[in-house]
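# Build the 3D model from these lines:
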Amino acid sequence: GGPSVRCVTSSASAPEPPFLVRNDRNDVHVVNCPTVSVLKQAMLELGGVPHICVAGESNAGKSSLINHLLKKQLARASSVAGKTRSVDMLEVNKQLVLTDFPGLPSRDHQVAHIWQTSWQPLVMHYVRHCGPLRAMLYVHDVRWKVSPLVREFVRDVQECGLPVLLVLTKDDHLHEDAKMNGVAEHEQRMKYTRSIRRALEFDGLHEHYTCESSLPAGRRGRRQLLRQIEQLVACDSRFTAAQMLENSAAKKQGREARRLS
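Coordinates of the predicted model:
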């Protein structure tokens with residue numbers, strides 16, 4: 001793959017390893033938190049490093065994305081809805097915690113009841129009370145419409161002051177839809193992206209992603225997302241992280257405007 005992301009944080013007591021997330025041999029410690037009491041204990045134990053959480057509907061590609069980022073088979077990628085049944089904290093190289101949320105109920109509503117009664121309260125407790133949490137990656141299949149539940153969840157998270165980076169997955173499947181609709185692939189991507197952003201009332205930063213490392217877009221997407229995570233981890237608060245994402249979004253929109261002009 002491409003170059004790993006350099007860690008920009010430093011410690012006075014001991015030299016940090018040179019990479020935040022490596023291309024191989026990432027040291028990952030997983031803590032499963034199925035209850036609020038276990039979650040509180042884990043937040044205490046892992047409170048010394050920055051956190052980034054990852055959310056998305058079941059089967060949107062959330063687990064595959066985490067595995068692709070870390071180059072490890074850790075999160076349980078599956079076509080069975082609700083495979084992640086707890087808030088799972090992944091301590092990466094003792095420098096970062098990636099927190100994997102249970103999947104939101106997807107269009108078949110397989111896990112709607114357990115989401116509302118068990119998982120959502122757990123997730124929102126973490127969002128509200130985890131001090132080192134800097135941002136959420138919200139993972140959405142680029143081909144899917146936005147459900148009212150997803151819109152409400154993203155809004156609730158943003159109202160807690162947590163900035164959101166929208167990651168649009170399954171980018172490598174776009175050519176099938178584009179062919180079926182008789183349009184160019186980039187036009188199909190733009191149409192879907194506009195629709196998702198409008199439905200979420202989202203004006204922040206989005207990234208397109210594919211977990212296919214054999215494709216240049218897969219390798220490029222991983223590098224870009226790791227760069228964003230590196231910058232978020234270097235922020236000292238949610239407010240600073242929100243400013244960083246706003247600046248990145250403005251630059252991206254400026255580049256796209258110049259390209260279209």
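
# buried residues in stretch 178-197?
A178, Q188, R189, Y192, I196, R197 (16 or more other CB atoms under 10 Å). Backbone N, C-alpha and C define where each C-beta goes, glycine included.

# As CSV, those residues with distance to G47 and pLDDT would be great.
Converted to CSV, these look like this (distance: CB to CB, whole Å; pLDDT from 0 to 100):
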residue, distance to G47, pLDDT
A178, 46, 94
Q188, 43, 96
R189, 39, 95
Y192, 38, 97
I196, 33, 98
R197, 33, 97
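
# Filter those down to the ones in helices?
Counting by DSSP state H, the part of the buried residues of stretch 178-197 found in helices is A178, Q188, R189, Y192, I196, R197.

# out of those, which one sits closest to V150?
For V150, the nearest member of those is I196. The distance, counting by CB to CB, is 9.6 Å.

# Verify the stated contact: the closest one with L166.
Yes: in this structure I196 lies within contact range of L166 using CB atoms under 8 Å: 7.5 Å.

# Need the overlap of contacts for the two.
Counting by CB atoms under 8 Å, 6 or more residues apart in numbering, the residues touching both I196 and L166 are H140, F202, H206.

# Among these, name the buried ones.
Buried subset of those (neighbour count, 16+ other CB under 10 Å): H140, F202, H206.

# Just to check, the last one is in contact with V164?
No: with contacts counted by CB under 8 Å, H206 stays clear of V164, the gap being 9.6 Å.

# and E57, how far is that from E45?
Counting by CB to CB, to the nearest Å, the gap from E57 to E45 is 29 Å.

# Name the residue in the two with the higher neighbour count.
Summary of the neighbour comparison: E57 and E45, criterion other CB atoms under 10 Å, with E57 having more neighbours (24 against 11).

# mind putting the shared contacts of I196 and L166 in TSV, distance to R22 included?
Rendered in TSV, the data for the shared contacts of I196 and L166 read as follows (distance: CB to CB, whole Å):
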residue	distance to R22
H140	27
F202	31
H206	26
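
# sorry, back to before: just the ones in strands from the buried ones among the shared contacts of I196 and L166, please.
With strands identified by DSSP state E, the entries of the buried ones among the shared contacts of I196 and L166 that belong to them are H140, H206.

# From the chain's centre, how far out is stretch 131-145? Work that out for me.
Here stretch 131-145 shows a centroid-to-chain-centroid distance of 4 Å under the convention CA atoms, centre = their mean, to the nearest Å.

# now do the same end-to-end measure for it.
Criterion CA to CA, to the nearest Å; first-to-last residue distance in stretch 131-145 is 32 Å.

# Give the rounded mean pLDDT of that stretch.
In this model, stretch 131-145 carries a mean pLDDT of 97.

# quick one: buried residues of it?
When neighbours are counted by 16+ other CB under 10 Å, the buried residues of stretch 131-145 are found to be 132-144.

# Just these: which are in strands?
Secondary structure defined by DSSP E assigns L133, R134, A135, M136, L137, Y138, V139, H140, D141 of the buried residues of stretch 131-145 to strands.
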